[in-house]
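>>> Next input, structure requested:
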Amino acid sequence: MNTYELDIRKWILNITQPQEKLGGLAICPFAATAKFHIEKRDLSDVTPYDGAHVAIFVVEDTLSISELVLKCETLNGKYLDYIFLDDHKDENSFINGVQTNNGKYNLVIVQEKTELLKARKILHKTEYYTYWSEEFYNRIVKG
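Have a look, this model is predicted:
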């Protein structure tokens, strides 16, 4: 396993751990059972990936937050059956004081839309989203 894959798998373990500041919930409650595909790709080559619940693409370090966000917005408009989420290494992303981003790599996270929406529906029945700021919720969930 190469360094970036090892680092990302450590981050995945972190986001699956229950957090006291989130009422005992994990940052990403469903990640613990998901099958991941992790690889490096140029941002221009990011597309949906079949064969895993979640594809995580490590993209160029030189990208700005706005470039990464814009690319994910473009991909979301192009591939309607998938959701592309950005995770920029330098973005301060927190849920109730708990850091959510990996802090080391620029990532594009790709999931099938129907599966992600099912998970979100389940989470809406809990207190999970009450810990999110309105801005973060609007960007990630409503975005």
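>>> C-alpha only now, for contacts and for neighbours.
Fine.
>>> Neighbours of Ala55, how many?
For Ala55, the neighbour count with other CA atoms under 10 Å is 24.
>>> Repeat that for the one 4 residues further on.
By other CA under 10 Å, the residues close to Val59 number 21.
>>> Okay, and the beta partners of it?
Val59 forms beta bridges with Asn106, as assigned by DSSP bridges.
>>> these two touch, right, it and Ile109?
No. In this structure Val59 lies outside contact range of Ile109 using CA atoms under 8 Å: 10.5 Å.
>>> roughly how far apart are the closest residue to Arg41 other than its chain neighbours and Tyr49?
Distances taken as CA to CA, 6 or more residues apart in numbering put Val59 closest to Arg41, at 5.5 Å, once the chain neighbours are dropped. Remark: distance between Val59 and Tyr49 (CA to CA, to the nearest Å) = 15 Å.
>>> how many neighbours does Tyr128 have?
19.
>>> Then Trp11?
Per other CA under 10 Å, the neighbour tally for Trp11 reads 16.
>>> what helix or strand does it sit in?
Using DSSP states H and E, Trp11 sits in helix 3-15.
>>> and after that helix, which helix or strand comes next?
Per DSSP H and E, the first helix or strand lying C-terminal to helix 3-15 is strand 36-40.
>>> For that following strand, which outside residues touch it?
With CA atoms under 8 Å, 6 or more residues apart in numbering as the test, strand 36-40 has contacts from 5, 51-59.
>>> Return that strand as PDB; C-alpha atoms alone will do.
Taking Å, rounded to 0.1, in the frame of the first residue of the first chain, the C-alpha atoms of strand 36-40 are listed here in PDB:
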ATOM      1  CA  PHE A  36     -13.400   2.100  -1.000                       C
ATOM      2  CA  HIS A  37     -11.400   2.600  -4.100                       C
ATOM      3  CA  ILE A  38      -8.500   5.000  -3.700                       C
ATOM      4  CA  GLU A  39      -6.300   6.200  -6.500                       C
ATOM      5  CA  LYS A  40      -4.400   9.200  -7.800                       C
END
